[in-house]
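S.K.: got a sequence here, can you build the structure:
(chains A, B, C and D)
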Protein chains: 4
Amino acid sequence: MTKRQPEPRSAYAAFLDLPTRWLDNDEYGHMNNATYLSLIDTAVSLWQLNNGLNIRGPEKLRFLVIETGIRYFSEAGFPDLIHAGLRLGHLGNSSLRFEVGLFRNNEDQTCAEGFFAEVLTDNDSQPIPIPDPVRAKLTPLILG
Amino acid sequence: MTKRQPEPRSAYAAFLDLPTRWLDNDEYGHMNNATYLSLIDTAVSLWQLNNGLNIRGPEKLRFLVIETGIRYFSEAGFPDLIHAGLRLGHLGNSSLRFEVGLFRNNEDQTCAEGFFAEVLTDNDSQPIPIPDPVRAKLTPLILG
Amino acid sequence: MTKRQPEPRSAYAAFLDLPTRWLDNDEYGHMNNATYLSLIDTAVSLWQLNNGLNIRGPEKLRFLVIETGIRYFSEAGFPDLIHAGLRLGHLGNSSLRFEVGLFRNNEDQTCAEGFFAEVLTDNDSQPIPIPDPVRAKLTPLILG
Amino acid sequence: MTKRQPEPRSAYAAFLDLPTRWLDNDEYGHMNNATYLSLIDTAVSLWQLNNGLNIRGPEKLRFLVIETGIRYFSEAGFPDLIHAGLRLGHLGNSSLRFEVGLFRNNEDQTCAEGFFAEVLTDNDSQPIPIPDPVRAKLTPLILG
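M.R.: This is a model prediction of the structure:
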């Protein structure tokens, strides 16, 4: 595992606000490790929903999550307002990788960074190519 | 609100084991207040599922939750093993009330007591009478 | 249990925004019953924190939750923005009762209403009188 | 990302039972992606607690989580009983890596595999060497 430094907001292409909840904090007074993943999950799900890129959208897209991960840099917790930055780190034939940086309140360095690797599938959970119109909707998340 | 005393295990008709999780504890080092309701929800859901009394069962029953409540007597938290005691406190024409006592580890007094008031409904969420075969399955939860 | 009707926003004294999360929805596609309590918990905790009325405030107040409850009127769920209305329904010698109405997006009728009954305690969890300065901070939540 | 196959139970050194809860399922009727991480978190926390290797133990050890990750192979969900298999994948000077396989009910192939990478720290969150007695307690998790 290589060392990594927290990234600035400029490393992300779109942002969503995610307030914390009282129960997000665990016994150490900080946000529970699993709750970070829930926030990242919410950021990706909300972006997909807002852009019609999920099961509720016109094309009823089924993106299957195959891998997730998080690197933790510093503590966050209730009552922080978390700003989730999103970008697309990979866009393959069937697969894509959402990368999400979490920023506390007004900070410009991520407190944590995570990803969701997904595969577009048919009703039988078999990978299918990502159609061009879907690619077009995803491109704003790709940083130059 | 009248004063209430914790109840013993003999006040309940059926029991389920519900282990706690690390994130159940909040910043005070005890189980979060909302998590108690999640445990009660799980106890009722599991009992209904095990007895075929939910949407997955043969009669595809839709019980709509209309009210819930909890009284807290003493603290529980990870890594406690919670034993949930169940009984039916009310069985009306369309409505019923599951009452659940939560016991920590080997204790014989509830640390918390809650209830789920539900109404049997049709596909349009309108109340319908609880059929006799369903009543028969519920009666073991009614204490003498 | 008497029938109750949903209340309008005018029945509450202060408001907080609480966005939903993807995992708030359960298998039925609606917000899980326990998650409503988590939102109410967050609304009360955040209001207390913002007003210096908790363990982190200058007077290090310990409010012990002794009872909670929720009435459900209609379904909410991700990605709804929930607006939590707060008021104080009771202010006794040691005890108080926060009442919280949850409103979906732009709706003016509660989808659910809940309460947190709390007692101010000393370090040994014994009830103590609520001091006048604390009462003064609570009065804006009491409706005429 | 290389392809990975699910592992059998023999690839793990210790096991813990983790029942699912009703609210673990999301709108798709399967366990939410973040909930898997909560189960892995609970498995690692419980094992550390049971072996005196955390803040509550005699040496008041502070293990800081720096990275987590999960690979998903097949769906699990309520009311599955999850069996968490643990092993130590890495034991360095200050750092260690718990690897956790999750097994549904009686299945012998993981439905998901995750890890918690942690660093032992002092009160100022600076890495310190893992003492030999702590290493001794960890070695049963290292597979031959």
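S.K.: now residue A:59: how far from residue C:10?
M.R.: According to Cβ to Cβ, to the nearest Å, residue A:59 and residue C:10 sit 43 Å apart. The way it works is simple: take the backbone N, C-alpha and C, and place the C-beta from them, glycine included.
S.K.: and if you look at residue A:5?
M.R.: Relative to residue C:10, residue A:5 is positioned 51 Å away (Cβ to Cβ).
S.K.: can you list the residues of chain A near chain C?
M.R.: Contacts of chain A with chain C, taken as Cβ under 8 Å from any Cβ of the partner chain, map to A:17-19, A:21-23, A:38-39, A:41-42, A:45-46, A:49, A:78-79.
S.K.: show me which of these is closest to chain B.
M.R.: Taking Cβ to the nearest Cβ as the measure, chain B lies nearest residue A:23 of the residues of chain A next to chain C, at 4.2 Å.
S.K.: okay, the closest one: pLDDT?
M.R.: On pLDDT, residue A:23 comes in at 92.
S.K.: what does the one 3 residues further on give?
M.R.: The predicted local distance difference test score for residue A:26 is 90.
S.K.: pretty sure it contacts residue B:21?
M.R.: No: using Cβ atoms under 8 Å, residue A:26 is not in contact with residue B:21; the gap is 10.1 Å.
S.K.: okay but residue A:63 is in contact with residue A:57, surely?
M.R.: No: Residue A:63 is not in contact with residue A:57 according to Cβ under 8 Å; the separation is 10.7 Å.
S.K.: now do the shared contacts for those two.
M.R.: Shared contacts of residue A:63 and residue A:57, defined by Cβ atoms under 8 Å, 6 or more residues apart in numbering or on different chains, comprise residue A:48.
S.K.: among the two, which residue is more densely surrounded?
M.R.: Neighbour count, other Cβ atoms under 10 Å in any protein chain shown: between residue A:63 and residue A:57, residue A:63 has more, with 23 against 15.
S.K.: show me the contacts for that one.
M.R.: By Cβ under 8 Å, 6+ apart, the residues touching residue A:63 are A:48, A:53-54, A:96, A:118-121.
S.K.: ok, and the closest non-adjacent residue to residue A:102?
M.R.: Of all residues not flanking residue A:102 in the chain, residue A:112 sits nearest, at 4.7 Å (Cβ to Cβ, 6 or more residues apart in numbering or on different chains).
S.K.: can you pull up the bridge partners for that neighbour?
M.R.: Beta-bridge partners of residue A:112, counted by DSSP bridges, are residue A:72, residue A:102.
S.K.: returning to what we had before: next step: the contacts of residue A:63 restricted to strands.
M.R.: A:96, A:118-121 (DSSP state E).
S.K.: widest-spaced pair of the residues you listed?
M.R.: Pairwise distances across the ones in strands among the contacts of residue A:63 peak at 12.2 Å for A:96 and A:121 (criterion: Cβ to Cβ).
S.K.: mind listing the helices for chain A?
M.R.: Along chain A, the stretches classed as helices by DSSP state H are A:33-50, A:132-138.
S.K.: right, and residue A:30 touches residue A:76 too?
M.R.: Yes: assessed by Cβ under 8 Å, residue A:30 is found in contact with residue A:76 at 7.0 Å.
S.K.: if you count what's nearby, which of those two comes out ahead?
M.R.: Using other Cβ under 10 Å as the criterion, residue A:30 and residue A:76 rank with residue A:76 on top: 24 against 18.
S.K.: contacting residues around the more buried one?
M.R.: A:20, A:30-31, A:36, A:82, A:102, A:104, A:111-112.
S.K.: specify which member of the residues you listed is nearest to chain D.
M.R.: The closest of the contacts of residue A:76, once distances to chain D are taken by Cβ to the nearest Cβ, is residue A:36, at 8.4 Å.
S.K.: next up, the contacts around the closest one.
M.R.: By Cβ under 8 Å, 6+ apart, the contact list for residue A:36 reads A:70, A:72, A:76, A:102, A:112, A:114.
S.K.: same check, this time on residue A:73
M.R.: Residue A:73 makes contact with A:6, A:109-113 under the criterion Cβ under 8 Å, 6+ apart.
S.K.: in CSV, list the residues you listed along with pLDDT.
M.R.: Formatted as CSV, the contacts of residue A:73 follow (pLDDT from 0 to 100):
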residue, pLDDT
A:6, 97
A:109, 98
A:110, 98
A:111, 98
A:112, 98
A:113, 98
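S.K.: buried subset of these, written for ChimeraX?
M.R.: Here is the ChimeraX selection string for the buried members of these, based on 16 or more other Cβ atoms under 10 Å in any protein chain shown:
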select /A:6,110,111,112,113
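S.K.: dump the contacts of residue A:73 into CSV; add distance to residue D:129 as well.
M.R.: Output for the contacts of residue A:73, formatted as CSV (distance: Cβ to Cβ, whole Å):
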residue, distance to residue D:129
A:6, 26
A:109, 28
A:110, 28
A:111, 27
A:112, 26
A:113, 28
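S.K.: closest to residue D:134 among the contacts of residue A:73?
M.R.: Using Cβ to Cβ, residue A:112 comes nearest to residue D:134 of the contacts of residue A:73, at 26.5 Å.
S.K.: gap between the closest one and residue C:19?
M.R.: To residue C:19, residue A:112 is 19 Å away according to Cβ to Cβ.
S.K.: kindly report the same for residue A:133.
M.R.: From residue A:133 to residue C:19 the distance is 29 Å (Cβ to Cβ).
S.K.: those two: which has the busier surroundings?
M.R.: Using other Cβ under 10 Å, the more surrounded residue of residue A:133 and residue C:19 is residue C:19, with 18 against 11.
S.K.: most distant residue from the centre of chain A?
M.R.: Seen from the C-alpha centroid of chain A, the residue lying at the greatest distance (Cα atoms, centre = their mean) is residue A:27, 25.7 Å away.
S.K.: tell me if I'm right that it and residue B:31 touch.
M.R.: No: using Cβ under 8 Å as the test, residue A:27 is too far from residue B:31 to be in contact (10.4 Å).
S.K.: can you list residues touching both of the two?
M.R.: B:25, B:78.
S.K.: which one of the contacts of residue A:63 is nearest chain B?
M.R.: Looking across those and measuring by Cβ to the nearest Cβ, the closest to chain B is residue A:54, at 23.3 Å.
S.K.: shaky segments in chain A?
M.R.: A:1-3 (pLDDT under 70).
S.K.: can you list the residues of it near chain D?
M.R.: A:1, A:28, A:32-35, A:37-38, A:40-41, A:55, A:65-72, A:116-117.
S.K.: mark which of those are buried, thanks.
M.R.: A:32-35, A:37-38, A:40-41, A:65-72, A:116-117.
S.K.: pull the residues that contact stretch A:24-33.
M.R.: A:20, A:35, A:70, A:72, A:75-78, A:80, B:22-23, B:25-27, B:29, B:78, D:37-38, D:41, D:55, D:65, D:68, D:116.
S.K.: how distant is that stretch from the center of its chain?
M.R.: Centroid separation between stretch A:24-33 and its chain, computed with Cα atoms, centre = their mean, to the nearest Å, is 20 Å.
S.K.: quote the end-to-end distance of that stretch.
M.R.: End-to-end span of stretch A:24-33 (Cα to Cα, to the nearest Å): 9 Å.
S.K.: again, but for stretch A:20-38
M.R.: One end of stretch A:20-38 to the other measures 11 Å (Cα to Cα).
S.K.: hmm, back to that, near chain B, from the contacts of residue A:63?
M.R.: Okay, of the contacts of residue A:63, nothing touches chain B (Cβ under 8 Å from any Cβ).
S.K.: make a markdown table out of these and add distance to residue D:129 and neighbour count.
M.R.: Output for those, formatted as a markdown table (distance: Cβ to Cβ, whole Å; neighbours: other Cβ atoms under 10 Å in any protein chain shown):
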| residue | distance to residue D:129 | neighbour count |
| --- | --- | --- |
| A:48 | 45 | 22 |
| A:53 | 48 | 21 |
| A:54 | 47 | 18 |
| A:96 | 41 | 22 |
| A:118 | 40 | 21 |
| A:119 | 42 | 20 |
| A:120 | 46 | 22 |
| A:121 | 46 | 16 |
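S.K.: that's all I had, so thanks and see you.
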